[in-house]
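**Q** Here is a sequence together with a model predicted from it:
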Amino acid sequence: MNSVLRRLFANLHYAGTALLAILAVPAIRHLHLPMHINWGRMLVFYWVSLGSRSVPYALAFCLLTFPVGRTVVPFLERYKKAKLRGALTLAFLILLCVRLSFATALLLTIDAVFLIELAERARGQSVPFRRKLGWVAISAAYLFVGITLVLIYNDIIIAIRFPVSYDSLFNRIDMRILNGRGISGIAHAIFSVAPRSLLSFLDFAYFQMFLVVGAAFLISAYGSFRRGLQFAGTCLTAYYLALLVFYIWPTYGPYIFCVGHLERYPTYLTTYAFQEAGITGLRAITQGQSQTLGSGYYIAFPSLHIALPVIAMWFLRDWRVMFRLLLAYNLVICAAILILEWHYAVDLPGGIAVGALALAMVGPDETSSLKQN
């Protein structure tokens, strides 16, 4: 009986994804929401931008984790024996620089070299390189479909429920926890004394979450198809739980109560533009003026910005260096989440709890084949 229940919970995200997909169109039509989704923007953002920028993070994790004799030395010996490879790599970089910025060209060159190296190392192994790429692609496609549904239902819930219904309650809880001060008051006090470099670092760290989790996903999915689907399923389980909580206790974030928020917020931070767009998008949905679905992510409680890195940390726990790097990153991201006014303090334990619950539901992941390769 216990094994049956474990299998049921482990595969519940598939049923959730199917149910959300089936009910999406009827719900959209019933609420008179726009049927248009900006597929071009979403495909470029998730598959091109996040995908290409996550690869160097995966490479960095591997370089910091595995011995130099298994990573750098074989790579250098391969290029030393075939000097033409180095010339072709440099030519590839130069050609990209003609059309793209140097940073983008370098990023794509690193991606290409890393993929070629993986293909070289896959020769003679039991699983062909193309099959491993297929594992990654299928798992990523499933994750993309689920995230797209989450963004759609985010808009649907906002159209049904007043999106800041429980913000005042969460703000009061925060003030009890934080000795009578809210997150916005603390954040703006820090803004007045913190150096620009510190705030810029926290801003940078906050938005790297997608790439850090993307790197963990790539490592997991490349090591095993089952592991990749488990990673995707665990993340989607956390998202679906967050949607349910958002429907019951809709909250948007502490800066909704901050008087003159955008006038006093550091405009040089990327967070400024995103919070400005978030406020505009939320207003458009509630007033029935939104032109597209999946315009943004508006859930404050629980914080998925900490839930997802916790999930990534668990999946990479077999490698101590990766685990410790993610643990250090999670501590930084917690500070960034609060100081940049993205979430209430109570959202963080809520996010960790949702991540832990998702991991418990999907079940233990298998050891990646990377451990033996």
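**A** Noted; the coordinates are in hand. What you see is a predicted model; the values in this text were computed from it and never measured.
**Q** From Ser303, how far off is Ile333?
**A** Between Ile333 and Ser303 the computed distance is 10 Å (Cβ to Cβ, to the nearest Å). Heads up, the C-betas are built off the backbone N, CA and C, glycines and all.
**Q** quick one: Leu59 and Phe217, what's the gap?
**A** Distance of Leu59 to Phe217, given as Cβ to Cβ: 14 Å.
**Q** So these two - more neighbours on which side?
**A** Phe217 (25 against 20; other Cβ atoms under 10 Å).
**Q** hang on, isn't the more buried one packed against Ala232?
**A** Yes: using Cβ atoms under 8 Å, Phe217 is in contact with Ala232, at 7.2 Å.
**Q** and for these two, which residues touch both?
**A** Counting by Cβ atoms under 8 Å, 6 or more residues apart in numbering, the contacts common to Phe217 and Ala232 are 139-140, 143.
**Q** from these, which ones fall inside helices?
**A** Using DSSP state H, the members of these that fall within helices are 139-140, 143.
**Q** nearest to Leu12, of those?
**A** Leu143 (15.9 Å; Cβ to Cβ).
**Q** Just give me the neighbour total for the residue nearest to that closest one when sequence neighbours are not counted.
**A** Of all residues not flanking Leu143 in the chain, Ala232 sits nearest, at 4.0 Å (Cβ to Cβ, 6 or more residues apart in numbering). Neighbour count of Ala232, defined by other Cβ under 10 Å: 26.
**Q** Use 44 as the first number from now on
**A** Renumbered: residue one is now 44, and that last one reads Ala275.
**Q** And the helix or strand hosting Ala275, what does it pack against?
**A** Counting by DSSP states H and E, the element that carries Ala275 is helix 268-291. Judged by 3 or more Cβ pairs under 8 Å, 6 or more residues apart in numbering; DSSP states H and E, helix 268-291 is in contact with helix 55-73, helix 172-203, helix 252-266, helix 347-358, helix 390-405.
**Q** In CSV: those helices, plus mean pLDDT and distance to Asn214.
**A** Shown next, in CSV, are the helices and strands packed on helix 268-291 (pLDDT from 0 to 100; distance: least, Cβ to Cβ, whole Å):
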stretch, mean pLDDT, distance to Asn214
helix 55-73, 94, 30
helix 172-203, 94, 19
helix 252-266, 95, 24
helix 347-358, 96, 19
helix 390-405, 95, 11
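**Q** For these, give me JSON lines that also has distance to Leu138.
**A** Output for the helices and strands packed on helix 268-291, formatted as JSON lines (distance: least, Cβ to Cβ, whole Å):
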{"stretch": "helix 55-73", "distance to Leu138": "41"}
{"stretch": "helix 172-203", "distance to Leu138": "24"}
{"stretch": "helix 252-266", "distance to Leu138": "25"}
{"stretch": "helix 347-358", "distance to Leu138": "34"}
{"stretch": "helix 390-405", "distance to Leu138": "43"}
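**Q** Low-confidence ranges, this protein, go.
**A** The model of the chain has pLDDT under 70 over residues 44-45, 47-48, 407-416.
**Q** Using the record's assignment, carve it into domains.
**A** 45-93+173-414, 109-167 (automatic domain parsing).
**Q** which of those is buried the deepest?
**A** Ranked by mean neighbour count, the domains of the chain are led by domain 45-93+173-414 with a mean of 18 (mean count of other Cβ atoms under 10 Å).
**Q** Using PDB, write out every CA atom in stretch 356-366.
**A** Extracted in PDB, the C-alpha atoms of stretch 356-366 (Å, rounded to 0.1, in the frame of the first residue of the first chain):
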ATOM      1  CA  MET A 356      20.800  21.600  -4.100                       C
ATOM      2  CA  TRP A 357      19.100  18.300  -3.200                       C
ATOM      3  CA  PHE A 358      19.600  16.900  -6.700                       C
ATOM      4  CA  LEU A 359      23.300  17.800  -6.600                       C
ATOM      5  CA  ARG A 360      23.900  16.600  -3.100                       C
ATOM      6  CA  ASP A 361      26.000  13.600  -4.300                       C
ATOM      7  CA  TRP A 362      28.800  16.100  -5.100                       C
ATOM      8  CA  ARG A 363      29.900  18.000  -2.000                       C
ATOM      9  CA  VAL A 364      31.400  20.900  -3.800                       C
ATOM     10  CA  MET A 365      28.200  21.500  -5.900                       C
ATOM     11  CA  PHE A 366      26.100  21.100  -2.700                       C
END
